[in-house]
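>>> Build me a model:
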Amino acid sequence: MSRKYFGTDGVRGRVGEDPMTVDFALRLASAAGRVLAPEGGTVLIGKDTRLSGYMFESALEAGFVASGVNVMLIGPLPTPGIAYMTRRFECDLGVVISASHNPYDDNGIKFFDGEGGKLSDELEARIEAELDNPVLTRASRSLGRAMRVDRSRTAYQEFCASTLPEGTDLAGLKIVIDCANGAAYKVGPRVLADLGA
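Numbering: from 1, shown residues only. Have a look, this model is predicted:
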């Protein structure tokens, strides 16, 4: 099966142009819910810090909840963090809203399976095949629920810290911050001075 929207790393494009529109994100969540969690389940949604991420987060949330999938919103976190937390929370799938190092005006939507791995080409093709169907809205008693789990991000920080060899002298480590639309927060001059940068 050929794929029209999914590329090598999810769906990407310029915000406001097909396919990166609110309507498409809503339909994509509905289609993904039907394919990946047809009996309900849970999805973790995270994002980078692009302004358009808020818009796509809301559209995805609505599409998943309408299709009967529970949604956990974790907020800004690097892509590997979403994969890790998807597995840690034992979710059925994960979604990260990010276009990595593409320009700020772009954005993307990438899916993970319950193990935090990339979806197969076959699953992506099945999701695309569902995009032409109307958005599914289940009866009230069968709708999904949404909750914020922002404070759980510390579990990923703890995991990252645990990967350092025991006895590592943290004072001697250098920190590199990638500010190219990633999930890093703004750092002021005083913080940089404290870091010795």
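>>> what's next to the host helix or strand of G108, contact-wise?
Taking DSSP states H and E as the criterion, G108 maps to strand 106-113. If you take C-beta atoms under 8 Å, 6 or more residues apart in numbering as the criterion, strand 106-113 is touched by 9-15, 20, 25, 28, 32, 36, 50, 52-53, 56, 60, 79, 82-83, 86, 93-100, 102, 118-119, 123-124, 127. For glycine as for every other residue, the C-beta is placed from the backbone atoms N, C-alpha and C.
>>> Mark which of these are buried, thanks.
Buried by 16 or more other C-beta atoms under 10 Å: 10-13, 15, 20, 25, 28, 32, 36, 50, 52-53, 56, 60, 79, 82-83, 86, 93-100, 102, 119, 123-124, 127, out of the contacts of strand 106-113.
>>> circling back to that earlier point, following the strand holding G108, which helix or strand shows up next?
helix 121-130.
>>> Paired strands for whichever helix or strand comes after that following helix, with orientation please.
Using DSSP H and E, the helix or strand that follows helix 121-130 towards the C-terminus is strand 146-148. Strand 146-148 has its sheet partners listed here by DSSP bridges as strand 69-76 (parallel).
>>> and the strand it pairs with, average pLDDT?
For strand 69-76, the mean per-residue pLDDT is 96.
>>> So which of the buried ones among the contacts of strand 106-113 are in strands?
Among the buried ones among the contacts of strand 106-113, the residues falling in strands (DSSP state E) are 11-13, 93-97.
>>> Checking the residue at the greatest distance from the centre of the chain next. Helix, strand or coil?
Going by C-alpha atoms, centre = their mean, the residue of the chain most distant from its centre is G167, 33.4 Å out. Here G167 is recorded as coil under DSSP: H, G, I helix; E, B strand; the rest coil.
>>> where does it fall, phi/psi-wise?
When read as degrees, to the nearest 10, the backbone of G167 gives phi 80, psi 10.
>>> got a list of what the residue nearest to the spatial centre of the chain touches?
Nearest to the centroid of the C-alpha atoms of the chain, with distances taken as C-alpha atoms, centre = their mean, sits V96, at 1.5 Å. Going by C-beta under 8 Å, 6+ apart, V96 touches 10, 45-48, 77, 79, 82-83, 109-110, 112.
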